[in-house]
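Colleague: take this sequence and fold it.
(4 chains)
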Number of protein chains: 4
Amino acid sequence: MPMFSIKLRVSWVDTDTAQIVHFSNYFRFFEKAEEEFYRNIGLNLDDLAQKYGLLLPRIEAFCRYMAPSRFNDLLEVQLSIKELGRKSIKYGFKVYNENNGKQVAEGYLVVVATDRRVEKSMELPKEIVDKLAPFVEGS
Amino acid sequence: MPMFSIKLRVSWVDTDTAQIVHFSNYFRFFEKAEEEFYRNIGLNLDDLAQKYGLLLPRIEAFCRYMAPSRFNDLLEVQLSIKELGRKSIKYGFKVYNENNGKQVAEGYLVVVATDRRVEKSMELPKEIVDKLAPFVEGS
Amino acid sequence: MPMFSIKLRVSWVDTDTAQIVHFSNYFRFFEKAEEEFYRNIGLNLDDLAQKYGLLLPRIEAFCRYMAPSRFNDLLEVQLSIKELGRKSIKYGFKVYNENNGKQVAEGYLVVVATDRRVEKSMELPKEIVDKLAPFVEGS
Amino acid sequence: MPMFSIKLRVSWVDTDTAQIVHFSNYFRFFEKAEEEFYRNIGLNLDDLAQKYGLLLPRIEAFCRYMAPSRFNDLLEVQLSIKELGRKSIKYGFKVYNENNGKQVAEGYLVVVATDRRVEKSMELPKEIVDKLAPFVEGS
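Modeller: Okay, the predicted model is just below:
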């Protein structure tokens, strides 16, 4: 199974009064990894929006927090596909802190293929499924 | 069981290119409700931090998205306590869109009482438990 | 001259590792006041976008920081109109901390009326000018 | 004069209902460049905070917006030092959109060296001045 991950550096604005990354920002880190993943496999969401009216709104989001991360920490966000359905994708994420090797967080996002012209779910186009399939866990 | 809820208005900055509230912001709305809840029941987190070294970091966060909300929508965020443990609290949230009556989202946050001086979990002080108890679901 | 102001409570997520409100968030507080101002004088930006293709993008933003504000502080954001041009509006803002009476920040936003259908500036519609005029400083 | 710049990719969460980057986020992009600049010249703000009690709060922030940028655009943020005072630094920023070569924004941040132990301004330590001096415009 091919792996996908990004590195990102914690910014001052990501942190809060507890001097750690605000919990909501891990969801933004997850999505950043997803955005870079699409770029990496050659999927352009703007093109897909034009061609199919496709949007990928989130219907579930979860995160478990295992250790804090702080300003200037370098994080690795690993992405995998836990489930690839006809109309939905469940992405799994693990976040590691490169500064101390600790796992910081794990979680998932469930996105559902939506035709924004009719605001209804739609089947994932084959060109997307073909590009995602190699990243499904256990494949 | 006493109820607690806040109203909040969706700002321009809360939205994204899909012209709906970005999914990560619902977690901020949940936390806003929690902050107002503490104020409402007379718990001052700054005082508790001073007195007990108490912080309430999140260890789990979940949200299910049921309908989009948009700029200028008025949202109601309802808070309840799903579980009140010795060291942790599980808050449940439901978000409704006052503009159309629809439920927008539901989710939860699990927070764990932490003594920041030793960076370990601690028992919830009795003065907190006493104030939270009436809000536990089914109580 | 009529006055317009809002109150807002500093949230945990608004703060950073310095345990004060992150400087970028004052611009969001300015915009929040602007949004509430439009609602208060009966201007609905969604309707105007539909009717005239009108958007109000910012072309300049400035803030001077005078004192920090912290989690749970109650802020008052005052809005006035410093200049009302044919195609642009310069809003002035002052932020006060209700907890200690201190002025926290002052700044401005310059917005330009833009027809999004042609992506060019346009004259402010008369129905807007009429509602804004009473709030111009010195009027 | 040595140059410093970073590249950054616009994320979905950076955008708003106008389908462009929210104006407040350019200030976060400025600060991101500043953070990477410190790392690049070997200044560790955490160490300086420990050694001198040094914080660098912003006292002024300004941005002029020249063109919109959108999801997935690749931005270059250029940083220079416009003024290096005894106690303050004025950073200048220019933002270019790599996708179309257009300048998107320009602005500045004025930061003031502050001893957080006494909450007063302080002289910039020589080790910092020495590292910043080569980046002053016109030097």
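Colleague: okay, now A:Gly101: neighbour count?
Modeller: 7 (other C-beta atoms under 10 Å in any protein chain shown). In short, each C-beta sits where N, CA and C put it, glycine included.
Colleague: helix, strand, or coil at it?
Modeller: Using DSSP: H, G, I helix; E, B strand; the rest coil, the structure places A:Gly101 in coil.
Colleague: for the one 4 residues further on, same thing?
Modeller: Classification of A:Ala105 by three-state DSSP places it in strand.
Colleague: any idea which helix or strand carries the closest residue in space to it that isn't next to it in sequence?
Modeller: In this structure, A:Ala105 finds its nearest non-sequential neighbour in A:Val95, 4.3 Å apart by C-beta to C-beta, 6 or more residues apart in numbering or on different chains. Here A:Val95 sits within strand A:88-97, counting by DSSP states H and E.
Colleague: is it true that A:Lys87 touches A:Ser121?
Modeller: Yes - with contacts counted by C-beta atoms under 8 Å, A:Lys87 reaches A:Ser121, the gap being 5.0 Å.
Colleague: pull the residues that contact the longest helix along chain A.
Modeller: Ranked by number of residues, the top helix in chain A under DSSP state H is helix A:23-40. Under the criterion C-beta atoms under 8 Å, 6 or more residues apart in numbering or on different chains, residues A:4-6, A:8, A:14, A:44-45, A:61, A:63, A:65, A:75, A:77-79, A:91, A:93, A:95, A:104-105, A:107, A:109, A:135, B:23-25, B:27-28, B:31, B:57-58, B:61, C:13, D:9, D:11-13, D:72 lie in contact with helix A:23-40.
Colleague: are any of the residues you listed buried, and which?
Modeller: Using 16 or more other C-beta atoms under 10 Å in any protein chain shown as the burial test, the contacts of helix A:23-40 include A:4-6, A:8, A:14, A:45, A:61, A:63, A:65, A:75, A:77-79, A:91, A:93, A:95, A:104-105, A:107, A:109, A:135, B:23-25, B:27-28, B:31, B:57-58, B:61, C:13, D:11-13, D:72 as buried.
Colleague: ok so, going back, okay, and the common contacts of A:Lys87 and A:Ser121?
Modeller: Joint contacts of A:Lys87 and A:Ser121 (C-beta under 8 Å, 6+ apart) are A:112-113.
Colleague: and A:Glu119, what pLDDT?
Modeller: We have a pLDDT of 84 for A:Glu119.
Colleague: burial count for it?
Modeller: A:Glu119, neighbours per other C-beta under 10 Å, totals 11.
Colleague: do A:Ser80 as well
Modeller: Neighbour tally, A:Ser80, other C-beta under 10 Å: 20.
Colleague: now the angle from the strand or helix carrying it to strand A:88-97?
Modeller: Under the criterion of DSSP H and E, A:Ser80 resides in strand A:74-84. Angle, strand A:74-84 to strand A:88-97, by axes from the mean of the first three to the mean of the last three C-alpha atoms, to 10 degrees: 160 degrees.
Colleague: any residue of strand A:74-84 touching chain B?
Modeller: No - Strand A:74-84 stays clear of chain B (C-beta under 8 Å from any C-beta of the partner chain), getting no nearer than 14.3 Å.
Colleague: same thing with stretch A:44-51?
Modeller: No - figure legend: stretch A:44-51 not in contact with chain B (C-beta under 8 Å from any C-beta); closest approach 9.2 Å.
Colleague: residues in contact with that stretch?
Modeller: A:35, A:38, A:54-56, A:116, A:125, A:128, D:71-72.
Colleague: list the contacts of the strand holding A:Ser80.
Modeller: Here strand A:74-84 makes contact (C-beta under 8 Å, 6+ apart) with A:1, A:3-10, A:29-30, A:32-34, A:37, A:69, A:89-99, A:104, A:108, A:124, A:129, A:132-133, A:135-137.
Colleague: past the strand or helix carrying A:Asp47, which element shows up next along the chain?
Modeller: Assigned by DSSP H and E, A:Asp47 falls within helix A:45-52. Downstream of helix A:45-52, the next assigned helix or strand under DSSP H and E is strand A:54-55.
Colleague: wait, does whatever helix or strand comes next after that next one contact chain C?
Modeller: Using DSSP H and E, the helix or strand that follows strand A:54-55 in sequence is strand A:58-65. No - contact of strand A:58-65 with chain C (C-beta under 8 Å from any C-beta) is absent, the minimum separation being 14.8 Å.
Colleague: can I get strand A:58-65 in PDB, CA atoms only?
Modeller: Taking C-alpha atoms only, strand A:58-65 is exported to PDB below (Å, rounded to 0.1, in the frame of the first residue of the first chain):
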ATOM      1  CA  ARG A  58     -17.500  16.100   5.400                       C
ATOM      2  CA  ILE A  59     -20.300  14.200   7.100                       C
ATOM      3  CA  GLU A  60     -18.200  13.000  10.100                       C
ATOM      4  CA  ALA A  61     -15.100  14.100  11.800                       C
ATOM      5  CA  PHE A  62     -13.300  12.600  14.800                       C
ATOM      6  CA  CYS A  63     -10.100  13.100  16.600                       C
ATOM      7  CA  ARG A  64      -8.400  11.500  19.600                       C
ATOM      8  CA  TYR A  65      -5.700  13.600  21.300                       C
END
